[in-house]
Structure formats: C-alpha cells, structure tokens
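[1] Sequence and predicted structure, then a few things I'm wondering about:
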Amino acid sequence: MPTPVPADRAVCSLRNVSRSFGPVKALSDVSFDIRQGEFLALIGENGAGKSTAMGVLFGLVDPDTGHVEVGGTPRRFASARDAIDAGFGMVHQHFKLYPELTVIENVLVGNEGGGPLARIPFRAAEARLRDIIKTYDFRLDLQATVADLSVGEKQRVEILKLLFRDAQVIFLDEPTAVLTPQECLSLFDMLRRLQKEGASIVLISHKLDEVIANAERILVMRRGALVAERAAEATDRAELAGLMVGAQIEAPAKVNAATDRTVLSIRDLTVAGPSGKPRVDAVSFDVAEGEIFGIAGVSGNGQKALVDALMGLETPTGGTVLFRGEEITGKSVAERRAAGIGYMSEDRMSVGLAAQGSITENTTAGREHSAAFSRRGWLRKRAMTRHAERLIETFDIRTPSAQLHVGKLSGGNQQKVVVAREVSAQPRLLLVENPCWGVDVGAMATIHGQLLDLAKSGCAIVLVSSDLEELFALSDRVGVIYEGAIGRIFPRDALDTFAIGAAMAGGGHIGDKHA
Amino acid sequence: MLFDAALIDSVPRLVTPVLLAAIGGALCERSGVFNISLEGMMLVGAFAAVAGTFYTGSPLGGLTAALVAGAVFGLLFAFFSVWRKGDDIIVSIGINILAVGLTALLLRSLFGVSGQFDDPAIAALPNLDLGPVGDIPVLGSFLSGQSVLVWLAVALAFAVHHFLHHNNLGLRLRAAGQNAEALRTVGISPERIKTTALLACGALCALGGAQLSISNVTLFTEGMSAGRGWIALVIVMMCRGRLLWILLGALLFGFIDAMSVRLQGLGLPQQVTDALPYVLALLVLALSYRRRTRRAHAT
Amino acid sequence: MTHLFTSRRLVPIGVGLLALVLFPLLVPGSGEIVASFFNGAFGGRNFFNLYATLSRYTILLGMALAVLISFRAGLLNIGGEGQLVLGGLVAALVGVYLPAPPLAVAVVALLAAMTAGACWAVLAGLLERGTGVPLLIGSLLLNYPASFLASYAVSHPFRDVASGATQTFRILREAGLPRFQGTILDYGIFLIGAAALAYVILERFTVFGYRSRLRGYSAGFARASGFPNRRLYYRTLMLSGAAAGMTGFVAVFGSSQRFVDGMLTTPLYAWTGIAAVLLAAVRPGLVPLTAFFFAMLATGSIGMERTAGIPREFGQVIQALIVLTLAGFAGKLTAISGGTR
Amino acid sequence: APALAEGEQIIYVTPNPIGNNAFLRLGREGSEAAAAAMNGSIASYESDSPPAMLENLYAAVGNGADIVVAVSFSAVDGVLEVAPTAPDTDFLIVDACPQGDRPANIHCAVFREHEASFLMGFMAAKASETGKLGVVGPIDIPFMHRFTDSFADGAHHLNPDIDVQVRWVGGQNPFSDPVRAKEQALALGAQGADVIYAAAAGGSFGVFEAAAEAGFKVFGVDTNLCEFAEGAMIDSALKRVDEAILQSLEAIAAGEDAIFASYGLKEKGMGAIAMDEAEAIAESGCLIAEMPAVAEETRALAARIISGDVTVNDPLMAE
Ligand SMILES: Nc1ncnc2c1ncn2[C@@H]1O[C@H](COP(=O)(O)OP(=O)(O)OP(=O)(O)O)[C@@H](O)[C@H]1O
Ligand SMILES: Nc1ncnc2c1ncn2[C@@H]1O[C@H](COP(=O)(O)OP(=O)(O)OP(=O)(O)O)[C@@H](O)[C@H]1O
Ligand SMILES: [Mg+2]
Ligand SMILES: [Mg+2]
C-alpha cells in the first residue's frame, strides 16, 4: 500500500493533451486532475474522446502533444505495463478477457509475478482471490471457463483483476451498460468501499442518473475538448445533457397507438439449450397492432434466443408462433421477411450490417429479390442506388455518398442505416434489440422517434433492451425475461425500476441469479 | 506378415519428425499464428543438420545448426507476419518457397552438388541403447536403439504441455492466441509472444528435419521433407493445438505410415496406401467433429 | 476504375518493379540478370516466352478464379488442387473414350470436368455441414485422395499402354483446343477469360452475386437478411469447383492433349492461385493482375536459368523474397473475415 | 565411324532437374562429349513438370538448336508437336519413341532395361541364402515394372520357387524420398529378404543405408554405385546413356532419317559390371569382384540373351 496522501492532491493528471486519429481530433488540449480518493465521472456524446483520454492515462494511446503527470511529476507510459506498475487499473468498454481460459488464469495473465519461465503461482493467487471474493461477495467460480460466464460475471472478473493487483486509481469505461439495477448497486457499493480505502475512481457512463448519484465531480467532454466541470450535488440531468450535446434535447413523447388487433401471438415457445436447460422456456404473449412490447432482462437470459426464434434464425423445440393469425413457427427468415417481419440486431457490425458492403448494398438486403430491386435474377442497380439515396435523405445519414462502405460510418450513422432499411420496408412486426447501444443522446432521440412513428402507423414492435430508461420511454408493456421464461408483464402505468430489477434478478434479492 | 519387430521399430522413427514439427505448429496455433510453413522449416532444418554435421564433424554441430537455422526462419516469419502484419498464409507460402530455393541454392554453392548431398563425414545422431530393455521381446526394439531425438520429441510433447499450463510464459502464450489486444492492455506485447512461439516453432520443425537427415538417413535430398510438414499441420488442426492429442495423432500417423509399407505387401495398390492416412484423417475428424457438434446441441 | 490504380496494394508491386529497374543501375552486372528475367518472361524468338507466360497465366487465372469465387463468399475452399486434378482426369477420359464428333467430345468433356470439380467441392461442403469438419481442413484433405486416385487411374486402368508412361491416351485430336499458330498458347485463354468475365458480371449484376458477396462480408448478416444460405453455400462451392474443373479441362485439351500424372500438381497451380487471390485481398479487379504477376515470375525465372545460366533456385529465392515483401508491406487481408458457415 | 558435324548447337532437355539423377547426368555427359567432338556448344534445359517440357522444347528451337536431345516419355508429345515446325533441327528422344510414322527429323534411342534387370535377378538368386529377395521402386507405374518384374523373372529363371517382394516408395516425393525408401528396405529385410534391388531413384541411397544397418546385399541401377554401398552392393544394372547418345548422334550426322535404335545387352547400351573386363570388375569396388563363379554364369546368361536363346519378356508390353 502506498503511503496515504492528503486529499485534494492530484494522483495523476492530463496536461494539455491532444491526439488525432487521421482527420479526427479525438482530444484537443485536454487537462484535468484525478485527486486522491475521489469519485470522478467523465461524460460526453459518442466519440467525445472519453475512452481516448483514459487510453492516454493508461499508456495505451500516445498523445500527440501534452503529457501525463503522476504524483506531480511528468511520466511517459511506454505501455500499459508502466501504468499498471504505477497502480492504475482499468475496466475497458469492451471486455478484455480470454474466453477459453479459466477465471483464475484470466486474472493472472500479466500479473503472475516472477519471470516468464517461473511457475504460474496458482496456489498463492487462489488464496488471495478467495479472500477478495469473500470480502466483496463476488460469487465467482475461479475454475470456470470465462466463455461460459454471464455478462455480469465477466464484468466481475474484470474488477477482480484490478483488486488482485491492488490498483489505486481505477478507471471504468461504461461498466454498467449490461448490468441489472441490483448489480449496478452492488458494483457502486463496492466502488465506494474501495474509495474509502483510499482508491480514486474514474467512471465513464452515459447514464446520467447513476453519474449524479455516485460521483462527486463530473467532467463533461464534447468533440475532444473538456467543456465543463460540475460538482455532482450542484447539477441535474437536464443541465448535463445540455452540456454534452451543446443544445437542449427533446425526448420524443410516447403516444399510445396500441389497438386491440393482435399481430403476434406466441404460445409456449421453447428453445432447447445446452445442458438440458432451455434457453427459451415456454414463453407466451401477444403483441397488438401499434403496440410496443418491451422485454427487459439481464443479457444472457434468453432474449437473444427468443428474438432469433421469432425471426426464424433459431429452430424452436416447442410451442407456436402466430403472425396475423397464421402459423409461422417453422418458416424461414426469407418467408418471414416477405410476410412483413423486420429485424434490427444488437450486433450491428456483423448481423445488422455487412460492414464491407456499401450503404446501397446494405439498404437493399432482405428485399434484393423483390421486383423493386431485381428482375429475373438481375439487379436493378439504378433502383437500388435511388432507394439508398432517398433513405440517406429522409433518415439524415451523414455520408459523402451512397457507395461508401458502412464500416466507414460513425456508430450512430451505422445504426441509422439499419433503422432506415427496416423502417422503409414498412414491416407489420419489427423485432428490435438494443437499438441505442453505444449511440449518443442525439441519435438516440432520433431512433426513438422513428420507432414511435412506426408504431403509430400500426406496426407491432418487440423491443429488447438492457436499458430500462429506454424501455420505460417507449413501451406499452414490459415483460421481464429471466432464465428463458417471461414472468411478470408490467403494463405501462405499473412500470417501476425496482420491481423490474427484482424480476430481472429472478424475483429474489440482489445477486441471487448467480448463486 | 503384417506385424513384426521391424514395424514396431520403425514407428518411432517415422513419428518423430512429424511430432516435432507438430509441437512447433501447436505453439503457433495456441499463440494465434496460422503457420502453414512447417514443411519449409523442416526442410531448412534437414539441410542445416547435414551441413552442420559435415563442417563440425559432429552430429551435435548438426543439431545446433538446425536449431539456429530453424529459429532464423521462425524470426523471418515473425518479421513479415507479426511485425509487418502480413497475411499468415501468404507469408507461409513465401517461407515455403524460400526454404526450397535456398536449400537447393546452398547445396550447389556450398557442396557443388545438386539433388543430393551425402558424404561419409556426415555422422548419424547417436542412438540410445537401453541395455537390457532392448531384450524385451517386441517392445525392446521399440524402446531401445532409437535416436536421442525420438526421446526428446516425446519428452517435449509433455514438457510443452506442462509449460503451456503451468508456466507464466505458457499462460501468456495461450492468452495471446485468445485475445491479443487484451494482452496488450496488461502491458504485454502480443507480438513478442508470437515471435517467441514462431522462434520455437522454427527450431522444433528444424529438429524434425534433423531427425530425417542425420538420423533416419544420413544425407540431404532436395525436398526431403516430402510432405511431412503438411501431415504435421493436419495433426495440429485436427487436435486444435492440444499437445497430448497431438502426441497421439502423430503416433497414429506414424503407425499408419509404417503400416502402409506392409499393406503393399498384401497387394493393395501403392496409390491406395498413400491416400490412406488422409482418408483416415478425414474420417477421424468427421467423427470427432460430429461428436463435438452433437454434444453442443444435445447437452 | 481509378480506385484500382490508386489501391494501396499496388504500391508494393510498383515499388518492386521500380526496384527491378533500379537494381541493375546500382549493382554492376545485375542488369544482365534482370534483362534475362524479363526476356525469359516476355521475349524469345517471336515472343515465344510471352506466349509461355500467357499459357501459364491461363491456368493460374482459372485456379485463382476458383479460389476467388469461394473466398468472396466467405467459404475457405482450398481444395482447388483436387478439383482441378479430377476435372482434368475426367476431361481426358471423355476425350479419349467418348465415341462422338469432335465438338461433342469437347463440350461433353468440358461439362464433365466442371461436374467432377463441382462434386469434389460439394463433398467438402457436405462434410462441413454434415459433420462440422471445417471446410478449410476438409477441402485440403480431399486434395490427396483426388491426386492419388488420378495417379492410380493413369498408372493402371486408363494408362496409355503403348507409351508406358503414366498418362492417358491422347484425346481425340480434332477435339483439342486450337492453338495460336506456332505458339504454345491455346484458345483456352478465351474460355478462362470468358469465365472470369462471366463471374465478374454475375458478381456485380445479379442477385446471386450480390448475396454471395454480402455473405462473404458477414455470414450472420446473410442469415438475418433471409438469404437462401444453404443453396447459396452449395451453389458457390459448385461454381468454385466447376471453375477448377474447367481449368483442368483447359490444361488437358489445351497444351498437353492428355492427362499426364503430376501435370497439374507439380507446378503448384492451385497454391499459386490462392496466393494470387490473397495478394489481391480477394478483390476481383486485382486478381487478374496478381495472377499475371505470378505467371511472369515463374516463366521469367525458368527463362533466366536457360539464358543466363542462373540456377532457377536463385529465381525461387527472389520470388520468395518478393512474395514475403508484398505480404509484409501490403497489409493483412480483411475481406475473408466472415465465418465459414 | 562417321564423324560428327562441325560446330552444331546441342540442347539437352530433361524431364526433371538433373541433380544427382545418375541417368540424366550420364545423358548430359553424352551430350557434352558429342558437343566437344564437333566443337559445338551444349546447353541443358531442365523441366520440373510435364507442361514445362513443352515450353523447353519450344525454347530450344527458338534459341536455334541444331540438335535437341530430349529425355523420357514426357518429351514425346512435345517433340511431335515442335519437330514439324523446325525441319532443320534434329530431335533425339532418349528412352521413348512415338508410335507409328514420324517425321524424318525425329530419332529415338530406347533401352531394354529389363535385360539388365533380369541379370540382376539372376545374380541375386545366386547370392541369396534365405531364398527371399526384395525390390524397392519409386512408384507403381508400368515403366518401373521393367525393373521389378524383370528382376523377379531373372531370379525365377534360376529358381522358380524363390520369393520376390516388391515395395514402392510412394508418398508425395516418390523419386527422391530416401527416408521412406529406407523404411521399405528395412521392412523387406525384416521379412527375411537378404538381397534387395534398389531401383528407387533418389531414394536408393536410403536403401543403401538400410543395407549397411541391416546387413543385406543390394543391387543398383544406371551406373556403378558401389562406392555408395561399400561392401553391400553386388552389381548394378548399367544403362549407358552416354554411349547411346553418342552413337545416335553419329548416325544422325551420317544423314539417316528417323533413326530408331534400341539398346540392350547386345548393343552394350545396357549391361552389368559382371559383363566388364576382368580388370574393370576388380576395380569396380563391387562384391561381384569376389564372386568370379557368379560373374562367369552371368556372362553366360547374358550371352544366351544376346543370342536369343533366352528371351526376356518386356513387362511394358505385357498389359
Ligand atoms: N484507434 C483509433 N483509430 C481511429 N480513430 C479512433 C481510434 N480511437 C478513437 N478514434 C476516434 O476518436 C474519437 C474519440 O473516440 P473515443 O473512443 O475516445 O470516444 P468516446 O468518447 O469513448 O465515445 P463512446 O461513448 O462511443 O465510447 C472518435 O471519433 C473515434 O472514432
Ligand atoms: N493449482 C491450480 N489452480 C488453478 N488452476 C490450475 C491449477 N493447476 C492447473 N490449473 C489450470 O487448470 C487447467 C488444467 O490443467 P491440466 O494440466 O490438467 O491441463 P489439461 O486439462 O490436461 O489441459 P488440456 O485439455 O489442454 O490438455 C489448466 O488450464 C491449468 O492452467
Ligand atoms: Mg468509449
Ligand atoms: Mg490434458
């Protein structure tokens, strides 16, 4: 343990740091301190430069100009090793885990101690990790293979890594995106305990409420620059949102468009899974024309398999699916699409889009064989391009040309391509998974507006989201999925964060699911 | 007619070159390098072993030369693929061509011959005589009188297995194969790890080549690896880099190879016995994958 | 077309060619070597070597096409060698034994060769979809039985008894592909060229091509978009195998007029085809150039041995260094990132 | 003998790289000797695959060869194609000949390898104590049966009950895989064969090593290889390509058209060390030097073959 330092003293700082990636200025002249024992939050739109700032502090990104200071003296981190040795630890936006190694091996990689040829210190590490697990009530099997863990458990492995090496400055890049409210609570509990023991915490999050609730000091970034600093107790949601975007954002208002004409009717739908436990367990519900049916749940509880079964990507082992009165249980994806079912996958880069394809190619997919885009097997390229250009116009996709590869678009614009394609197909039923993952406040508002408009025009929507705010803003009803089964279904006027959170955790108390 | 002492005796000799190369291939596979130039690296080793033995007069010199040459080729691979980010397959193709061309060229320029180089000065690797063990019927000739590399290869299979699972570097190597970027975030350069793996792979393949050229026979022929590196690659893919399986797989292939000699004696056409190992490999793969997928679905 | 010539990938080729020009200026005596290389690739009496290069190019382009078709759709079919050999063998058997007028013999042989290649490719596909053996491994392993089978066929049941060599009888002479007068180059280059053109049109302008291309970009996307993936999978493999089979037909009905054991395997056509496609980053527009590059290298270094007395191993070493340099400085390919299913 | 023409350019085209291939080397020596005799020039074009052969033939004509010496079956199609386009060039195909009529400028020199193999088989049967013989060949192709089958025929000529086992090297590099060849020989040895005919091209060296380790005797092919298997090699089936090429080129210079020459024991194109002069045998380094009785009987057998009293079947024509 380093000797205690008086509070208010900066443990580390960025000094006039700038960094560009090609034409993109990810950071421009950014300076701030991280103080001993404080809980700091960093917020900003997509691409504001938050992750890059952390990368610089952690030795992963070299600044073009400016430098990092540790304990008041300039330091150059040649690699993450130096940062780790300086007592820094980081939970990255995307997990940095080795899927086929065990939990203990994941923790040990790079922290083994001893030379490269020394034996892996399994025994010593195990004792220490058991201690930590007990202290923080982690519930992790050290010998489990990481690929088999749930998202929440993977998150805990990441944090275990930091605790194992006694990190004194802890960076967390959007750690709560995939956790239940209860899991979030326990995460923040633990972070505050660490803080009490002298650690500094730096949190990046898009969830303004949790930032205000937990952080002491909030830094706001916009387009690579630091634009504001606020004390948590002296600000509110609206102010922060305004600071982030540079303008006021209006969330689209929910209108109730649901009718009583049933579009989708699911009865006892079951999808088998490994180890005999079904991934989707006798799910039944109806969705009406114009209705948005939300599905809440910790990711990994079967929502993906449910949507896949509805789309024909997964073969159900039991139950029936009726679409507009007609049974479609065994139909193919193509048949479902032809019948008017659309799908927006959460895996934007490899399922929602073909990243190396052009915008034109992507906006045609699923309807390439229709008379609009082809004749007797020959593509009508002109029609395809015109269609793409029309969508670029109406959906405000920022691109120099319709022939650009979608992989070159920014995340928000990529998602707009998906939305444009699916909405323009005028579906009768749309299956949507986490449409706003990694999307900033502005684009989120646009996408939400489009989904609401679509519902108004009579389309039924099944919306899977791990973001409760999003579900609450859009849904007419919300079903909670837990271990493949949908238990309670909450009508719009009975939506309650904690009741839903409890249902997401299996109805019991915090952390029960992973016991 | 099918089984006799000579069959048992020949299995270790046929297994060893393939096994050594496969261990090297496994290191690449586990560290996330798709190296299909085992064949070329083996050929280089076979040449260097003969040249080294010829110049130093001792097979030890040959082994050293093979190790160095193999390691150099491993480094070359690493430079173009790991550091210059070249495509593994194209780099492998380049390395294979280079091995064929360079060995033939050196054969001409160093020894003034082409096609083949043999000379009384090329001494064979010593064989380990296990004394009384050699008198055990059948098993005796299998165990005793084999070259030191045979035992080294088997020991290496276990040692590398142990190394991967119980040594820090082994852990990092497996980690590099799983998620190289994650490794970077703990301050370890995946490039270095992969380079190490390639270095070892080159050296191991070269040892396999040495077993061919200064133990199985004591001469060098152009192209004398004769497809054994490809067999090793198939074994690595089949066993997905798991060493104990690789040991088994190499034994199986060696046994089939030795058997194919006998099967000709039964009147099977030579082309059929030649195709046998590959067809068998396909069958084994089909069965094992079938089980694997069925387990994934059913359980 | 401009993007083709500004492509990053062509830079190293340009640098390589530039080096070939600068090399002789800087190293005394090497000018002769470089000249003999280019003479070996393009010169000779009546441009004989150019025709030899083009003749090799025909086969390489055919194999590159076969690889391209499957890689483009994300299917790692590296069994081109087996498909080529069986195509050639079947073409030869039809050419020798079918009692029919020449044109009919040629057409049937072409179709039979394409069918044989397609079947062998589909076999690897069935293995993958039926048992889960990855296409990459299955198609590779199927190469060996194919070439041993062909070797057996021409050593025993179908061998040219009179010659005693391991080859089939000569095909019906009038059925062979016509030659350019007095050269080694035959009209097969038109056939392969037409096939390549047809593929480009198919790929650019048809629904099939659109689907297979996007499937190559992402298999998950193809599934979610409702493409008929099973059909697409087998059709692509069939097309790829058929292209290899057609190349076998061209080799047999073109210059050799019979199937000779080893004629399609020892020159490593299939592997060079893969290298050409990878070097072109699986981009159809670049493949003809990279295939030509390899054809030129091969013919040039043989010519160098003939005229300058430089051992071909030297040429091989140079070729290896060029391949390594291109790989190392042209960046990793990205186009075949899609899964194999 | 008719002299050779003055200052002609000979180009020697081989089906494989010459390397250490004794047969191709001898062919080159023959061509070189001929070139020297006529103050001409000589170049070798080595092919590495069947298609490359045709390329090399075209190149040879393109580079102005007066005489093209092309070796093996894979030259036949190519020569038939190229020769009519170059009426001023003479083509000598060694080891093969086109069927039927051929242009005047295509000449052939073929060998009757089976005759020499027959002698080897005879000697092997004489030398064997176990009554078991072996042959190792590269791949099972008809041409190689001139070695394997005729060796067996020779052995059976002496003793119809003798057992002859044939093994092929096979694999991916059958003509140059001493490692596999050695395994085959060791396996034969383990099954009791005490004399083995090494007809495995490059692989034969593996057979010689096996002989040294396992203590059996061997026979070689093409040239005197006894120095490579000292104390183990009895004799070699000699194939005098150099001699044959020289003779054929002389005939060509004499202006003959479409020469066909077959070289066997009679023409001294094929032979055995046992058939040499006593002095040559003594210096050969081969075991036959210590087996005068066997050598004597072999010479007698050779004489009967030459005179036609004993007919040696050609396995190539058998099927
Ligand atoms: N390695 C890189 N190469 C090129 N551009 C990059 C790279 N890393 C970041 N960028 C760009 O720099 C800008 C800042 O990215 P950064 O990841 O820091 O944003 P962020 O604030 O973390 O956004 P998000 O909320 O989406 O995580 C973005 O425009 C991004 O596209
Ligand atoms: N004391 C220990 N504590 C925790 N993990 C350990 C310990 N000892 C070994 N391991 C890990 O447990 C796993 C099993 O080790 P073992 O040596 O038995 O490998 P294995 O099961 O044979 O592996 P493979 O299937 O790859 O052959 C390895 O991944 C190793 O790293
Ligand atoms: Mg970020
Ligand atoms: Mg194990």
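    Okay, I see it. Numbering: from 1, shown residues only, chains lettered A, B, ... in the order given. Ligands and ions are numbered 1, 2, ... in the order given.

[2] Is the residue nearest to A:Ser475 when sequence neighbours are not counted bridged to anything, and to what?
    Nearest residue to A:Ser475 in three dimensions, chain neighbours excluded: A:Gly294, at 3.2 Å (C-beta to C-beta, 6 or more residues apart in numbering or on different chains). Heads up, the C-betas are built off the backbone N, CA and C, glycines and all. Beta bridges link A:Gly294 to A:Leu463, A:Val478 when assigned by DSSP bridges.

[3] how deep is the residue in the stretch 101-250 of chain B that chain D sits nearest to tucked in, by neighbour count?
    Chain D sits closest to B:Gly115 of the stretch 101-250 of chain B, with a gap of 2.2 Å, by C-beta to the nearest C-beta. Counted with other C-beta atoms under 10 Å in any protein chain shown, the neighbours of B:Gly115 add up to 23.

[4] Three-state assignment for the closest residue to it other than its chain neighbours, please.
    Using C-beta to C-beta, 6+ apart and skipping the chain neighbours, the partner closest in space to B:Gly115 is D:Gly19 (2.2 Å). Per DSSP: H, G, I helix; E, B strand; the rest coil, the secondary structure class of D:Gly19 is coil.

[5] Now do the contacts for the closest residue to ligand 3 within the stretch 51-200 of chain B.
    Per C-beta to the ion, B:Thr185 is where the stretch 51-200 of chain B lies closest to ligand 3, at 14.0 Å. B:Thr185 makes contact with A:58, A:60, A:80, A:90, A:92, A:96 under the criterion C-beta atoms under 8 Å, 6 or more residues apart in numbering or on different chains.

[6] ok now do the residue of the stretch 101-250 of chain B closest to chain D, which residues does it touch?
    By C-beta under 8 Å, 6+ apart, the residues touching B:Gly115 are B:107, B:221-222, D:17-21, D:176, D:202.

[7] wait, which of those is closest to C:Met304?
    Of all the contacts of B:Gly115, C:Met304 sits closest to D:Pro17, with 15.0 Å by C-beta to C-beta.

[8] and the closest residue to that closest one other than its chain neighbours, bridged to which residues?
    When the adjacent residues along the chain are set aside, D:Pro17 lies closest to D:Glu46, with 4.8 Å between them (C-beta to C-beta, 6+ apart). When assigned by DSSP bridges, D:Glu46 has beta-bridge partners D:Thr14.

[9] What number of residues are in the vicinity of D:Glu46?
    For D:Glu46, using other C-beta under 10 Å, the count is 23.

[10] show me where pLDDT drops low in the chain?
    Unless you meant another one, I'm taking chain A. In the predicted model, chain A carries pLDDT under 70 at residues A:1-8, A:248-249, A:275, A:507-515.

[11] Correction: the question concerned chain D.
    Ranges of chain D meeting pLDDT under 70: D:1-5, D:318-319.

[12] just so I have it, where are all the strands in it?
    Secondary structure of chain D (DSSP state E): strands at D:9-14, D:41-46, D:67-71, D:90-94, D:106-111, D:132-137, D:163-168, D:195-198, D:217-222, D:233-239, D:260-263, D:270-272.

[13] any chance of those strands in a markdown table, plus distance to D:Cys286?
    A markdown table is the format used below for those (distance: least, C-beta to C-beta, whole Å):
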| stretch | distance to D:Cys286 |
| --- | --- |
| strand D:9-14 | 28 |
| strand D:41-46 | 30 |
| strand D:67-71 | 27 |
| strand D:90-94 | 26 |
| strand D:106-111 | 21 |
| strand D:132-137 | 18 |
| strand D:163-168 | 21 |
| strand D:195-198 | 13 |
| strand D:217-222 | 9 |
| strand D:233-239 | 6 |
| strand D:260-263 | 22 |
| strand D:270-272 | 10 |
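
[14] Please work out which of the ones you listed is packed deepest.
    Of all those, strand D:195-198 has the most neighbours on average by mean count of other C-beta atoms under 10 Å in any protein chain shown, namely a mean of 31.

[15] Which neighbouring elements make contact with that strand?
    Packing partners of strand D:195-198 (3 or more C-beta pairs under 8 Å, 6 or more residues apart in numbering or on different chains; DSSP states H and E): helix D:113-127, strand D:132-137, helix D:145-158, helix D:178-190, helix D:204-214, strand D:217-222.

[16] Surely A:Pro316 touches A:Arg279?
    No. The pair A:Pro316 / A:Arg279 is not scored as a contact, 10.1 Å apart, by C-beta atoms under 8 Å.

[17] hey, what's in contact with both of those two?
    Here A:Pro316 and A:Arg279 share the contacting residues A:Val271, scored by C-beta under 8 Å, 6+ apart.

[18] Checking the nearest residue to B:Asn179 once chain neighbours are set aside next. Helix, strand or coil?
    Leaving aside its chain neighbours, B:Asn179 sits nearest to A:Tyr98 (5.2 Å; criterion: C-beta to C-beta, 6+ apart). Under the three-state scheme (three-state DSSP), A:Tyr98 adopts coil.

[19] List the contacts of A:Tyr98.
    Counting by C-beta under 8 Å, 6+ apart, A:Tyr98 touches A:105-106, A:109, A:146, B:174-175, B:178-179, B:182.

[20] And A:Arg217, by the same measure?
    Contacts of A:Arg217 by C-beta under 8 Å, 6+ apart are A:38-41, A:229-232.

[21] now, among those residues, which is nearest to A:Ser13?
    Nearest to A:Ser13 out of those is A:Leu40 (C-beta to C-beta; 11.6 Å).

[22] ok, back up a step: separation between the residue nearest to B:Asn179 and A:Ile120?
    14 Å (C-beta to C-beta, to the nearest Å).

[23] Residues that sit against both of the two, list them.
    Common neighbours of A:Tyr98 and A:Ile120 (C-beta under 8 Å, 6+ apart) are A:Glu105.

[24] Kindly tell me how buried the residue of the stretch 101-250 of chain B found nearest ligand 2 is, as a neighbour count.
    Relative to ligand 2, the nearest point of the stretch 101-250 of chain B is B:His165 (4.0 Å; C-beta to the nearest ligand atom). Around B:His165 there are 14 other residues, counting by other C-beta under 10 Å.

[25] mean confidence for the helix or strand it falls within?
    For B:His165, the host element (DSSP states H and E) is helix B:148-166. The average of the pLDDT scores along helix B:148-166 is 94.

[26] In that helix, which residues are buried?
    Counting neighbours by 16 or more other C-beta atoms under 10 Å in any protein chain shown, one finds that the buried residues in helix B:148-166 are B:148-150, B:152-154, B:156-157, B:160-161, B:163-164.

[27] Closest to A:Leu310 out of these?
    For the buried residues of helix B:148-166, the nearest to A:Leu310 is B:Leu164 (43.1 Å; C-beta to C-beta).

[28] coming back round to it: got a winner among the contacts of B:Gly115 for most neighbours?
    Most surrounded of the contacts of B:Gly115: other C-beta under 10 Å gives B:Thr221, at 32 neighbours.

[29] how about it, what does it touch?
    B:115-116, D:176-178, D:202, D:205.
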